[in-house]
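Novice: got a predicted structure here, sequence first:
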Amino acid sequence: STQWIKAVARDEVPEDDVIAVQAGGREIALYGVDGEVYATANLCTHGNARLCDGFLMGHEIECPLHQGRFDVRDGRALCSPLRENIATYPVRIEDGVVFVAL
Ligand code: FES
C-alpha cells in the first residue's frame, strides 16, 4: 500500500528551483514549477551527482555533472548521456505540508 511521508513545508519548496529533502530514509529532490511540486530521486541515474545541485529550466532538471536532462514530471531521460529514467514520486499537499508517496 502507498505510504505518504511528510517531506517539508510547502513554502520551503522554491518556485523555479530545486531542493533536496530526506524522506523515508531516501534523498528526494523537490521541484517548484508553475505552482506545482514534483518529486524525483535526487541521485542522477548516470553517475554520482545530485540533481539538487543542477539547474531547473521549466520542467527540465539538468544534471550538474554531464548536463543530462530529465523531465521532473515523469522522470523521462531527455538526452544523452542519460540512458535510464529517474524515479518519480507522487506528491500531495495537505495543510501546507508536502507529502511524497514512496
Ligand atoms: Fe548526471 Fe552524468 S551524472 S549526466
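Specialist: Looks like it came in fine.
Novice: please count neighbours and contacts with C-alpha atoms only from this point.
Specialist: Will do.
Novice: the chain: helices as residue ranges?
Specialist: Applying DSSP state H to the chain gives no helices.
Novice: up against the ligand, what does it have?
Specialist: Residues of the chain lying near the ligand by CA under 6 Å from any ligand atom: 44, 46-49, 63, 65-68, 81-82.
Novice: go again using 5 Å as the cut-off
Specialist: Residues of the chain lying near the ligand by CA under 5 Å from any ligand atom: 44, 46-47, 49, 63, 66, 68.
Novice: can you put the residues you listed in a markdown table and add neighbour count and pLDDT?
Specialist: Listed next are these as a markdown table, based on neighbours: other CA atoms under 10 Å; pLDDT from 0 to 100:
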| residue | neighbour count | pLDDT |
| --- | --- | --- |
| Cys44 | 24 | 98 |
| His46 | 17 | 98 |
| Gly47 | 11 | 97 |
| Ala49 | 16 | 98 |
| Cys63 | 24 | 98 |
| His66 | 13 | 98 |
| Gly68 | 21 | 98 |
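Novice: nearest to Phe99, out of those: which one, please.
Specialist: For the residues of the chain next to the ligand, the residue nearest Phe99 by CA to CA is Cys44; the value is 21.7 Å.
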